[in-house]
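Trainee: Mind looking at a prediction? Sequence and model below.
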Amino acid sequence: MALRIQKPTTNARRKLYVADFSELHQGKPYKKLVRGHAENAGRNNQGKITVRHRGAGNKRLYRLVDFVQDKYDIPGKVERLEYDPFRSARIALILYRDGERRYIPAQEGLSVGGPVLSSRKKVDLNPGNRMPLKHIPTGVTVSLLELLPGRGAKIARGAGNKATIAAKEGENVHIKMPSGEIRLFNKEVTASIGAIANADHINERKGKAGRMRWLRVRPTVKGKSMNPVDHPHGGGEGHSPIGLKHPKTPWGKPALGYKTRSRKKKSDRFIVKPRKGKSKRT
């Protein structure tokens, strides 16, 4: 999916880079696979803000996306590619031979009319096909990885994300994650061939504050622009420095590098090589 650059007719459109939707379905989504969604604007059941910088936006319908893809050995074809307002990736509506339709995240190279097959056996290395890691050769790019067999895709689900099969060793497969971390996976977990589509999502520029409000994003203010009662960086005459040795979050915790991952995380034993800039804890 490419980006569309607008003519600079206004200041807002001068640096507006948005996704090109010409290849996507222009009508409504498949009615049986959508649900209503109530927005909470970042507030809990008491009306208190628990997630900052969220607000009302355009109304959305939630698409029921199939991350398990357990219709094994039933061929399907891509009926259409669609935009999903809840995720950066594009989704594909798959029509299976038995007449059932499901939404799945679309991979690069997946086109309307193209075949899709999910199996526990070895199948062709076509974009969108899904099978266990033990049947996928080393060096192949995959996405929609499971953490545990049968639990559904948890890894590499966003636009442009991908993982690479680095090596195989006994019952385990070494996977290079999107973060650069190398991690062990059971050879029975399934993955889809190819990277997730819409890799240019990271290069989009919204152009104006109003477009961000449509996407439910409220303005963000620097801590040192606030009052001392609102932020540890606040106060002082004018735009003063923060006056601290290290920056802090609004709640007084260390920011910019403060580790929140538990040191007793059981899954640490599956990390072969940590991502760049991180040290493996023993």
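Mentor: Great, that's in hand. Residues are numbered from 1 along each chain as shown.
Trainee: can I assume residue 154 is in contact with residue 146?
Mentor: Yes - counting by CB atoms under 8 Å, residue 146 is a contact partner of residue 154 at 6.4 Å. Where you see a C-beta, it was placed from the backbone N, CA and C, and this is true even at glycine.
Trainee: who's more crowded, those two?
Mentor: Neighbours per residue, other CB atoms under 10 Å: of residue 154 and residue 146, the larger number sits with residue 146, 21 against 13.
Trainee: How about that one, nearest residue that isn't a chain neighbour?
Mentor: residue 189 (4.0 Å; CB to CB, 6 or more residues apart in numbering).
Trainee: what about stretch 201-218, average pLDDT?
Mentor: Stretch 201-218 carries an average pLDDT of 92.
Trainee: cool, and stretch 182-197?
Mentor: Regarding stretch 182-197, the rounded mean pLDDT is 95.
Trainee: what's the first-to-last distance across it?
Mentor: Looking at stretch 182-197, the gap from its leading to its trailing residue is 23 Å under the measure CA to CA, to the nearest Å.
Trainee: Repeat that for stretch 184-192.
Mentor: With CA to CA as the measure, the ends of stretch 184-192 fall 17 Å from one another.
Trainee: Please name the residues that touch residue 29.
Mentor: Applying CB atoms under 8 Å, 6 or more residues apart in numbering, one finds that residue 29 lies in contact with 61, 63, 82.
Trainee: Generate a ChimeraX selection restricted to the buried entries among the residues you listed.
Mentor: Selection of buried members from the contacts of residue 29 for ChimeraX, criterion 16 or more other CB atoms under 10 Å:
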select :63,82
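Trainee: Among the contacts of residue 29, which one lies nearest to residue 205?
Mentor: Nearest to residue 205 out of the contacts of residue 29 is residue 82 (CB to CB; 23.1 Å).
Trainee: Next one: the closest residue to the closest one other than its chain neighbours from residue 91, what distance?
Mentor: Across the structure, with CB to CB, 6+ apart as the measure, the residue nearest residue 82 apart from its sequence neighbours is residue 25 (4.8 Å). The span separating residue 25 from residue 91 equals 10 Å under the rule CB to CB, to the nearest Å.
Trainee: higher neighbour count, these two?
Mentor: A count of neighbours by other CB under 10 Å puts residue 91 above the other of residue 25 and residue 91, at 25 against 17.
Trainee: list the contacts for the residue nearest to residue 82?
Mentor: When contacts are counted by CB under 8 Å, 6+ apart, residue 25 is found next to 80, 81, 82, 83, 93.
Trainee: Tell me which stretches of the stretch 1-150 of the chain form strands.
Mentor: Read by DSSP state E, counting those that start in this stretch, the stretch 1-150 of the chain holds these strands, from start to end of the chain: 3-5, 17-19, 34-36, 61-63, 76-82, 91-96, 101-105, 115-116, 130-132, 141-143, 145-146.
Trainee: how many neighbours does residue 143 have?
Mentor: Using other CB under 10 Å: residue 143 sits among 28 other residues.
Trainee: Now the closest residue to it other than its chain neighbours: phi and psi?
Mentor: Computed as CB to CB, 6+ apart, the closest residue to residue 143 that is not its neighbour in sequence is residue 156, at 4.2 Å. The phi/psi pair for residue 156 (degrees, to the nearest 10) reads phi 60, psi 60.
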